[in-house]
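Asks: fold the following for me, if possible:
(2 chains)
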Amino acid sequence: QKEVEQDPGPLSVPEGAIVSLNCTYSNSAFQYFMWYRQYSRKGPELLMYTYSSGNKEDGRFTAQVDKSSKYISLFIRDSQPSDSATYLCAMREYSSASKIIFGSGTRLSIRP
Amino acid sequence: GAVVSQHPSWVICKSGTSVKIECRSLDFQATTMFWYRQFPKQSLMLMATSNEGSKATYEQGVEKDKFLINHASLTLSTLTVTSAHPEDSSFYICSASPLGPAYEQYFGPGTRLTVT
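Replies: Got it, this is the predicted structure:
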């Protein structure tokens, strides 16, 4: 079993829709949770990061962490064609020496 | 802020030659830099972690003699792929963490290596 599971998609939704992206994980020691956006042939861009459980909102993006269920989500409101990319969840343990574990990424396409 | 650059952005080399890829943090000092490899439609696989002034820590299965990493300053790390083979063709991405908590990693734009 992988430490982090993420549905690879592809996920295709119409412009303006609410998008929900999810990851599950098995390591209960994970404390930091991140979402990265990666456009084709580019490096990942940090979108959101949260510590422990709870919600965090930034513009059209909302990240949720449910540690009891070992489940994290990223919601995108009013989705735009420019949101079309691969979204990677990532997480790590509390120690600053621990490495980040990435999900496999979900390919998202927003149809105009 | 938090910009990381990589050079070159793409490179084609012949089998048996060596290729050097540079990773620079442009507006912050990075005590730690990371090198990842990414195959098409797959996630990032950590190859090694480098700390300024010390030897890199390689992940299991990564040949340290083939992938030479040097972190000579707080803003520069290099990855040299020695005696490259076609199976080394991949997308190589570096990331850097600023001084302080290492939970944020800022990624470079990546280098596409093709070995013919």
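Asks: give me the low-pLDDT residue ranges for chain B?
Replies: Low-confidence segments of chain B (pLDDT under 70): B:1, B:99-103.
Asks: run through the residues that contact the closest residue to chain B within chain A.
Replies: For chain A, the residue closest to chain B is A:G43, as judged by Cβ to the nearest Cβ, at 3.8 Å. C-beta here means a position set from N, CA and C on the backbone, and glycine is covered the same way. By Cβ atoms under 8 Å, 6 or more residues apart in numbering or on different chains, the contact set of A:G43 is B:4, B:6, B:93, B:95, B:107-110.
Asks: helix, strand or coil for it?
Replies: On the three-state scheme (DSSP: H, G, I helix; E, B strand; the rest coil), A:G43 is labelled coil.
Asks: what's the pLDDT at it?
Replies: You'll see A:G43 listed with a pLDDT of 91.
Asks: which residue packs closest to it, ignoring adjacent ones?
Replies: B:F107 (3.8 Å; Cβ to Cβ, 6 or more residues apart in numbering or on different chains).
Asks: what's the local residue count around the closest residue to B:K66 other than its chain neighbours?
Replies: Spatial nearest neighbour of B:K66, chain neighbours left out: B:T82 (5.5 Å); criterion: Cβ to Cβ, 6+ apart. Residues lying near B:T82 (other Cβ atoms under 10 Å in any protein chain shown) number 15.
Asks: ok, now which ones touch B:T82?
Replies: Per Cβ under 8 Å, 6+ apart, neighbours of B:T82: B:18, B:65-68.
Asks: near chain A, which residues of chain B are found?
Replies: Contact residues (Cβ under 8 Å from any Cβ of the partner chain) of chain B with chain A: B:4, B:6, B:34, B:41-44, B:46, B:49, B:91, B:93, B:95, B:101-110, B:112.
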